[in-house]
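Participant: pasting the sequence and the predicted coordinates here, then a few questions.
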Amino acid sequence: MEGVSQQKVRKVVIDAGHGGKDPGAVGKYSKEKDIALSIALKTGNYIQKNLPDVEVIYTRKTDVFVELHNRARIANDNEADLFISIHCNANNSSKPYGTETYVMGLHKSQANLEVAKLENAAILKEEDYSDMYDGFDPSRDEDYITLTLFQNAHLESSLILASTVQDQFRERAGLKDRGVWQAGFWVLYKTAMPGILVETGFLSNANDEKYLRSDDGQSYIASAIYRAFKEYKLMIEDPGNRATMAIDQQPIVKDEIVFRVQFASSSKEKSLNKFKEIDDVRVYRHNGTYKYTSGNLTSFSEAIKLQNKIRGLKKYSDAFIVAFENEERIDVDEARELTGQ
């Protein structure tokens, strides 16, 4: 299986995001750098206590500023088998909440790009950053295309670990699973081993911030990451479990937020062939009613064009735009806010 060739997992680097002069995301009562450090230390402690054959290496254990290139260097110089970077999320809206886990790759939505920009902004606090990062500017959209053109040789392994982390968050810790995503994170780009970046919750959401600040919340999150690490380690080291666990994990990046045009509804389900004049017809059930849509677009402006086209068919003159996140219908305004549209 491509990307899953290691036989032993003996060294893991736990990276607490931000630190020192870089606070990261700032909530009403807390800073990302403090919460990330606390969760990182708890995660490492669980690993050391329960898996004595594993060496835990920290990029920082105190409130100090560590450059992104040095975080990657620590992992590479120690020839680590795995890299786990721990962070907290933030949004201009207070509505989004829940956990996300990222792997290195090309973003498919503006929302994912904004998360990468937020975390990569730590570069700007470094001296001579333009020389150290080959001219990469974390605020410039086009630089992320170049960054993610390089194929990550450890993508499959990273996706499996990311999927396992999200499973643990959802099933064991009872947290909202916002999915596994890809985006351009410099610290993942430069590490020479499987790696993930975990967004443990939104400091911009009052409930998430309260949970993240609590000792119980931090312990649950750290325990979930530890259990995911243990499960991943077992899969890598035990050939008997490797294939079946890889299949069970289904390490696929989840669907992005999409816009569709709803043009009809019915109390009884109808054959999609009934709507031959409309392309890409889908049906979903909402509030006990079957509802029919066209399109599956990441661009809101393209959804408007499709809406106008369908309204031009006269009998669908009241067609309107709806939004979905991981196949769950959400408010269109929220979807636009999350995708930066």
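Facilitator: Looks like it came in fine. Numbers count the residues shown, from 1 in each chain.

Participant: which parts of the stretch 151-300 of the chain are helices?
Facilitator: 155-171, 186-189, 206-213, 215-237, 239-249, 300-311 (DSSP state H, counting those that start in this stretch).

Participant: next, the angle from the third one to helix 215-237.
Facilitator: Read that as helix 206-213. 70 degrees (axes from the mean of the first three to the mean of the last three Cα atoms, to 10 degrees).

Participant: what comes into contact with helix 206-213?
Facilitator: Helix 206-213 is contacted from outside by 27-30, 35, 88, 94, 97-98, 200-203, 217-218, 221, using Cβ atoms under 8 Å, 6 or more residues apart in numbering. C-beta: built from backbone N, CA, C; applies to glycine.

Participant: cool, the shortest one as well?
Facilitator: The set of residues that contact helix 186-189 without belonging to it, under Cβ under 8 Å, 6+ apart, is 15, 68-69, 71-72, 83, 85, 102-104, 119-120, 123, 133, 136, 138, 147-148, 150, 152, 158, 195-197.

Participant: which of these are buried? Put it as a PyMOL command.
Facilitator: Selection of buried members from the contacts of helix 186-189 for PyMOL, criterion 16 or more other Cβ atoms under 10 Å:
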select buried, resi 15+68+69+71+72+83+85+102+103+104+119+120+123+133+136+138+147+148+152+158+195+196+197
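
Participant: quick revisit: tell me which of the helices of the stretch 151-300 of the chain sits nearest to Ser266.
Facilitator: helix 300-311 (16.6 Å; Cβ to Cβ).

Participant: quick one: strands adjacent to the helix or strand just after the closest one?
Facilitator: Heading C-terminal from helix 300-311, the first helix or strand you meet, by DSSP states H and E, is strand 320-325. For strand 320-325, the pairing partners within the sheet under DSSP bridges are strand 257-266 (antiparallel), strand 328-330 (antiparallel).

Participant: okay, those strands in TSV with mean neighbour count and mean pLDDT next?
Facilitator: Converted to TSV, those look like this (neighbours: other Cβ atoms under 10 Å; pLDDT from 0 to 100):
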stretch	mean neighbour count	mean pLDDT
strand 257-266	21	90
strand 328-330	14	84
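
Participant: reformat the ones you listed as TSV; add distance to Glu277.
Facilitator: Output for the strands paired with strand 320-325, formatted as TSV (distance: least, Cβ to Cβ, whole Å):
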stretch	distance to Glu277
strand 257-266	10
strand 328-330	24
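
Participant: pretty sure Asp143 contacts Ser130?
Facilitator: No - here Asp143 lies out of contact with Ser130, judged by Cβ atoms under 8 Å, at a distance of 11.3 Å.

Participant: now list whatever residues contact both of the two.
Facilitator: Joint contacts of Asp143 and Ser130 (Cβ under 8 Å, 6+ apart) are Asp137.

Participant: those two: which has the busier surroundings?
Facilitator: Asp143 (17 against 12; other Cβ atoms under 10 Å).

Participant: quick check on that one: phi, psi?
Facilitator: Backbone torsions of Asp143, given as degrees, to the nearest 10, read phi -70, psi -20.

Participant: just the pLDDT for Ile196.
Facilitator: Note on Ile196: pLDDT of 96.

Participant: so it is in contact with Ile160, correct?
Facilitator: No - under the criterion of Cβ under 8 Å, Ile196 makes no contact with Ile160, lying 9.8 Å away.

Participant: could you pull out the strands for the stretch 1-150 of the chain?
Facilitator: Taking DSSP state E, counting those that start in this stretch as the test, the strands found in the stretch 1-150 of the chain are 11-16, 55-58, 82-89, 99-104.
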